[in-house]
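**Q** Let's see this in three dimensions:
(chains A and B)
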Amino acid sequence: MQRSWWKILAVLLLLYTFTAGFLVQVPVIGNLYQTIRNLFFHVPMWFGQMILLLVSMIFSIRYLRSGNLVDDIKAREFARTGIIFGILGLVTGAIWATYTWGEPWSNDPKQIAVAIALLIYLAYFVLRNSMPDIDKRARVSSVYNIFGYFIYVPLIMVLPRLVQSLHPGGEGVEGNPALGGQDLDPAMRMVFWPAVFGWTLLGVWMTTLLIRISKLKEKNWIHA
Amino acid sequence: MPSTQKIIALFKKDLLLEIRQQYTFYGILLYIASTIFVLFLAMGQPEATAWNGLFWMNLLFICINAVAKSFLQDSRGRMLYYYSIAGALDFILAKLLYNVLLMLVMSLLSILLFSFFLGSPFADTINFLGITILGGISISLVFTLLAAIAAKASQNAALMAILGFPLIIPQLLLLIKISKSAFGEIFRDGALIQMVLLLGALDLMVVILSLILFPFLWKD
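**A** Now for the predicted structure:
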C-alpha cells in the first residue's frame, strides 16, 4: 500500500482526465471545436514519451557506470514504453490532424520528429538483437541509446527552424487553427496538467511491470 | 590522457594502410563514379532542388561505405595490440581525424563528378564548396562513432545504415537548407550564420559524445 500510492494516483488522475476531459467547458478556437479535447490525450503522450526516453537514457548511463545488467533491462523497457507512447501520440495526432488540418500527415516538423524518434529507438532494438553476447549487447546498445538521445533532442530544436509548422507556436502558415501553449484556457489547464501527470505515471507503471517480467525471465544471468 | 604523438602515429598508420592497400580507396572512387553515372543515366541534368537532394544522399551513401570500413578492417588481434599501446581517446581522435580527411577528399571528388555529369546548377561555386566541406566533416563525424558501434555488433554495413539514417537527419536537413543559399535562395538576415553555427555546435557535440562514449565500446 505504501509503495503503490502512485499507482492509485495514476488511476485517479486518469479517471479525472476521462471525465473532466469530456465534460469541461472548452473555448471555441478556429476550426477546432470539440476536437480540442484531444489535447488531454494527444499532448500528454509527448510529455510521457520524452520523460520515458530520458529515463531510459539515464539508466543507460547508469549501466555504463555500474555494469549492472538490471540497469540495462530498465533502459530497454523504458525505451519500449517510449516507443508505445510515441506510436500512440502519432496515431492520436493523425486522427486529430485529419479533422483540423485536412489530412493525417502534412510533413509537420513535430510529425517528422516523432517518426525519426521511432526509427532511432526501433534501430536500438535491432542493434540489441544483433548481438548474442549479453554484456556486449548491453554496453554497445547503451552507447547507442545515449548517442541517439543526444541527437534527438537537438533535432526537436532544429527541425522547427527548417520546416513550417501547423502546430501551436509554429511560424509560417497564416490562420493557424491550433491554440498556443500560453493561451491555454484556465479551465483546460486544470485538466491538462493532471492528464500529463497521469499518463506519465501510467507509462512508468507499465514499464515497471515489463521490468519485473524481464527480471523473472532473465534471472538466470542477472545474478550470474 | 590523449597524446598528440600517439594520435599522429595512429593517423599515419591509417593513411599508410590506405595508400598501400589501394583497392579500398579506388573501390570507393569507383563507387562514387558509378553511382553518379547511374544517376546521370536516370535523371539527365536535374534542376537545382533535385540536384541538391541527390548530391547529399550520394554523400551519405559514400560516407557509409567509406567510414564503415575504418573499424571493420581492424581484426580483433590488431585491436588488442592498439589497446596495449594507446588509449581509447588517442584511437578515436585519430579515427575521427582520418575519417574527416577521407570524407573531405570524397566529397570534393563528388562535387567534381556531379558537376561533370549532372551539370552545376549552383550560382555560387565557392559558397557551395565551403558547404560541401562542412557537410563532409559533419557526416563523417557522426558515422565514425556509428561505425565503431556497428563494428562491435555484427560487422555489417546494413546495420550501420539502420543506425545512422535517423541520427544523421538533423545534420542532413540543415545542410540541404544551408546549401540552398548557394543556389540563389535568399535567407533572412543572420539566418544563414545561425544555421552554420548550429551545425558547428552539433558537430562539436558529436565529437564530445564520441570521446565520452568510445572508451566503453573499446574495452572488450
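
**Q** all helices of the chain, in order?
**A** As the question left the chain open, I've gone with chain A. With helices called from DSSP state H, chain A shows them at A:5-23, A:39-66, A:69-100, A:109-129, A:134-162, A:186-217, A:219-222.

**Q** could you do chain B instead?
**A** Under DSSP H, chain B gives helices at B:4-20, B:22-43, B:48-72, B:76-85, B:88-118, B:125-153, B:157-179, B:191-218.

**Q** Determine the set of other helices and strands touching the second one.
**A** When contacts are defined as 3 or more CB pairs under 8 Å, 6 or more residues apart in numbering or on different chains; DSSP states H and E, helix B:22-43 packs onto helix B:4-20, helix B:48-72, helix B:88-118. Quick note: C-beta positions are derived from backbone N, CA and C, even for glycine.

**Q** For the shortest one, give the mean pLDDT please.
**A** Right, the one you point to is helix B:4-20. Per-residue pLDDT over helix B:4-20 has a mean of 84.

**Q** quick check: angle from that helix to helix B:76-85?
**A** Here helix B:4-20 runs at an angle of 160 degrees relative to helix B:76-85 (axes from the mean of the first three to the mean of the last three CA atoms, to 10 degrees).

**Q** do the same with the longest one
**A** Using the same axes, to 10 degrees, the interaxial angle of helix B:88-118 with respect to helix B:76-85 works out to 130 degrees.

**Q** helices and strands around helix B:88-118, which ones?
**A** helix B:4-20, helix B:22-43, helix B:48-72, helix B:125-153, helix B:191-218.

**Q** mean pLDDT for the helices of chain B: which is lowest?
**A** Among the helices of chain B, helix B:76-85 scores lowest, at a mean of 78.

**Q** contacts for it?
**A** Helix B:76-85 has contacts (CB atoms under 8 Å, 6 or more residues apart in numbering or on different chains) with B:K6, B:L10, B:D74, B:F91, B:W218, B:K219, B:D220.

**Q** Mind listing what's buried along that helix?
**A** B:Y82 (16 or more other CB atoms under 10 Å in any protein chain shown).

**Q** For it, C-alpha coordinates in PDB please.
**A** Extracted in PDB, the C-alpha atoms of helix B:76-85 (Å, rounded to 0.1, in the frame of the first residue of the first chain):
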ATOM      1  CA  ARG B  76      40.400  -8.500 -33.100                       C
ATOM      2  CA  GLY B  77      44.100  -9.200 -32.600                       C
ATOM      3  CA  ARG B  78      45.100  -5.900 -34.000                       C
ATOM      4  CA  MET B  79      42.600  -4.000 -31.900                       C
ATOM      5  CA  LEU B  80      44.200  -5.800 -28.900                       C
ATOM      6  CA  TYR B  81      47.500  -4.500 -30.000                       C
ATOM      7  CA  TYR B  82      46.300  -0.900 -30.300                       C
ATOM      8  CA  TYR B  83      44.700  -1.300 -26.900                       C
ATOM      9  CA  SER B  84      48.000  -2.200 -25.400                       C
ATOM     10  CA  ILE B  85      50.000   0.700 -27.000                       C
END
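
**Q** what's the spacing between that helix and its chain's center?
**A** Put simply, helix B:76-85 sits 25 Å off its chain's centre (CA atoms, centre = their mean, to the nearest Å).

**Q** Helix B:48-72 and that one, what's the angle between them?
**A** 80 degrees.

**Q** and the direction of helix B:76-85 versus that of helix B:191-218, what angle?
**A** Using the same axes, to 10 degrees: helix B:76-85 against helix B:191-218 is 100 degrees.

**Q** Okay, angle between helix B:76-85 and helix B:125-153 too, please.
**A** Using the same axes, to 10 degrees: helix B:76-85 against helix B:125-153 is 100 degrees.

**Q** what's B:A148 in contact with, if anything?
**A** Here B:A148 is in contact with B:F71, B:I92, B:K95, B:F214, B:L217 (criterion: CB under 8 Å, 6+ apart).

**Q** got the contact list for the fourth one?
**A** Residues counted as contacts of B:F214 (CB under 8 Å, 6+ apart) are B:A88, B:L89, B:F91, B:I92, B:L145, B:A148.

**Q** can you put the helices and strands packed on helix B:22-43 in CSV and add mean neighbour count?
**A** Listed next are those as CSV, based on neighbours: other CB atoms under 10 Å in any protein chain shown:
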stretch, mean neighbour count
helix B:4-20, 14
helix B:48-72, 21
helix B:88-118, 20
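
**Q** so how many other residues sit close to the nearest residue to A:T17 once chain neighbours are set aside?
**A** The shortest distance from A:T17 to any residue other than its chain neighbours is 4.2 Å, reached at A:A195 (CB to CB, 6 or more residues apart in numbering or on different chains). A count of nearby residues for A:A195, using other CB atoms under 10 Å in any protein chain shown, gives 24.

**Q** Touching, A:A195 and A:G21? I think so.
**A** Yes. Counting by CB atoms under 8 Å, A:G21 is a contact partner of A:A195 at 6.7 Å.

**Q** okay, and the common contacts of these two?
**A** With CB under 8 Å, 6+ apart as the test, A:A195 and A:G21 both reach A:F40, A:F41.

**Q** wait, what's in contact with B:A151?
**A** B:F71, B:L72, B:D74.

**Q** whoops, I mixed them up, B:S181
**A** Applying CB under 8 Å, 6+ apart, the residues contacting B:S181 are B:D124, B:N127, B:I131, B:F187, B:L192.

**Q** Just give the nearest non-adjacent residue to the fourth one, would you?
**A** What it means is B:F187. Counting by CB to CB, 6+ apart, the residue nearest B:F187 is B:S181, at 6.1 Å.

**Q** same check, this time on the third one
**A** Counting by CB to CB, 6+ apart, B:S179 is the residue found nearest to B:I131 once chain neighbours are left out, at 4.7 Å.

**Q** How many residues are close by the one you found?
**A** What B:S179 shows, counting by other CB under 10 Å, is a neighbour count of 24.

**Q** And B:A42, by the same measure?
**A** Neighbour tally, B:A42, other CB under 10 Å: 9.

**Q** Now do B:M205 against chain A, distance only.
**A** 7 Å (CB to the nearest CB, to the nearest Å).

**Q** now do B:A182
**A** Taking CB to the nearest CB, one finds B:A182 at 17 Å from chain A.

**Q** And B:N127, by the same measure?
**A** 19 Å.

**Q** What's the local residue count around the closest residue to that residue other than its chain neighbours?
**A** In space, and not counting its chain neighbours, B:N127 is closest to B:A182: 4.3 Å by CB to CB, 6+ apart. Applying other CB under 10 Å, we find 21 other residues in the vicinity of B:A182.
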